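>>> any chance you could fold what I've pasted below:
(one chain, ligands or ions: 1)
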Amino acid sequence: MSAYAEKARTWREDGRQAGRETDHKHIPDRLSGTKPEPQTEDRKGLSVRVEQVVKRFGDQTVLDRLDLSIREGEFVAVVGRSGCGKSTLLRLIAGLDDASGGTIVRGDSAAAGIDPQTRVMFQDARLLPWRSVLDNVKLGVYGLSKRETELNAYEALSLVGLKDRARDWPSVLSGGQRQRVALARALVGEPRLLLFDEPLGALDALTRIEMQRLIEQLWLRRSFTAVLVTHDVAEAVALADRVILIECGRIAFDVSVTLARPREKDGGFTHFERTILDRVLEPQQAAISEKEAAAKLAFDI
Ligand SMILES: Nc1ncnc2c1ncn2[C@@H]1O[C@H](COP(=O)(O)OP(=O)(O)OP(=O)(O)O)[C@@H](O)[C@H]1O
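Here you go, the predicted structure:
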């Protein structure tokens, strides 16, 4: 087993333990022992390969031969200045939009449109106001019987701590609760790739921290691959295995965050945060390849 896989296994063990200790009220059958928990080996996250991807909108080239590899089960955060193409990259990986050139591979197959193994969570919850919380979550279920759909939706709501709000309308929930419902809808059916586009951007600071912890716990338990677009460098350092910076249409910076989980805001954390922030704020440099960027800037502490 590689050092990375070993580390991920340990984190997952810790995460399961943390879940048992802190979330016992909301643990569904599958996690409480009456049903066996699925083996993470059976259901790994999807790897992603972005090769020489170009995206143009009219005359504007937003992504310019961008290369990026994401391993199975890895948590990658994408940062960069406003308008640099973070959401564009995420939409291409999700299959919500087509690249102008290059290739995107999810798992073993070239990405062609959306697929049920890949889900996206946006900054706004995008709930249907005329459907109950439970019915909104059910929208994320594909190809199951009515009963299985209901069970899966309840389980996803349990995971985010909202099982008791299943029959409510979205309008009576707080912003944070609505985002939890959106997270439940993204998680239902156990997707293998979860793409987060600033999902916590509109939340207050406390709710944001709670949601970060929830996302981390769920990632540790479920083994999906996660890609998080965020403006918040501290959030990227708190959650990601790797933080990448997009600049001039390419990856300009790629750093592994080698801090133990759960992450405390100690000296090591601040060091990563400061280094990444300084780099984001530097005047833009000419685009260089992912490999060159990693070789130039990778560091370990
Ligand atoms: N559908 C579209 N049509 C035309 N231009 C677009 C479209 N989508 C994005 N763009 C342009 O592509 C560029 C990158 O947009 P994108 O939303 O990916 O940036 P971002 O890094 O996510 O920005 P922010 O951090 O502000 O959300 C912007 O200049 C934007 O105007």
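>>> where does Glu72 fall, helix, sheet strand or coil?
Secondary structure state of Glu72, per DSSP: H, G, I helix; E, B strand; the rest coil, is coil.
>>> dump the residue contacts of it.
Listed by C-beta atoms under 8 Å, 6 or more residues apart in numbering, the contact set of Glu72 reads Lys44, Gly45, Leu46, Ser47, Thr225. For glycine as for every other residue, the C-beta is placed from the backbone atoms N, C-alpha and C.
>>> show me where this protein has strands.
With DSSP state E as the criterion, the chain has strands at 48-57, 60-70, 75-79, 101-106, 109-110, 118-121, 193-197, 225-229, 242-247, 250-256.
>>> I'd like those strands written out as TSV, with distance to Ser87, mean pLDDT and mean neighbour count added.
Converted to TSV, these look like this (distance: least, C-beta to C-beta, whole Å; pLDDT from 0 to 100; neighbours: other C-beta atoms under 10 Å):
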stretch	distance to Ser87	mean pLDDT	mean neighbour count
strand 48-57	11	97	17
strand 60-70	10	97	18
strand 75-79	9	98	26
strand 101-106	15	95	16
strand 109-110	21	80	10
strand 118-121	10	93	23
strand 193-197	6	96	24
strand 225-229	6	97	26
strand 242-247	10	96	24
strand 250-256	16	94	22
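>>> select, out of those, the one closest to the ligand.
Distance to the ligand, taken as C-beta to the nearest ligand atom, is lowest for strand 48-57 among these, at 3.4 Å.
>>> the closest one pairs with which strands?
Using DSSP bridges, the strands paired with strand 48-57 are strand 60-70 (antiparallel), strand 101-106 (antiparallel).
>>> what's next to that strand, contact-wise?
Residues from elsewhere that reach strand 48-57, judged by C-beta under 8 Å, 6+ apart: 61-70, 85, 88-89, 92-93, 97, 99-106, 193, 225, 227.
>>> try 7 Å
Residues from elsewhere that reach strand 48-57 (C-beta atoms under 7 Å, 6 or more residues apart in numbering): 61-70, 88, 92-93, 99-106, 193, 225.
>>> and what of stretch 83-103?
48, 50-56, 62-63, 65-66, 78, 80, 104, 110-115, 118, 120, 195, 197, 227, 229, 246-247, 249.
>>> at 6 Å instead, please
48, 51-56, 62-63, 78, 80, 104, 111, 113-114, 118, 120, 195, 197, 229, 246 (C-beta atoms under 6 Å, 6 or more residues apart in numbering).
>>> does Glu141 touch Pro191 like I think?
Small correction: residue 141 is Val, not Glu. No - Val141 is beyond contact range of Pro191, at 11.1 Å (criterion: C-beta atoms under 6 Å).
>>> surely Ile244 touches Ile251?
Yes - at 5.2 Å, Ile244 and Ile251 qualify as touching, with contact defined as C-beta under 6 Å.
>>> domains for the protein, by residue range?
Following automatic domain parsing, one gets these domains for the chain: 3-48+72-99+112-117+193-297, 128-190.
>>> out of those domains, which gets the lowest mean score?
Note on these: domain 3-48+72-99+112-117+193-297 shows the lowest mean pLDDT, a mean of 78.
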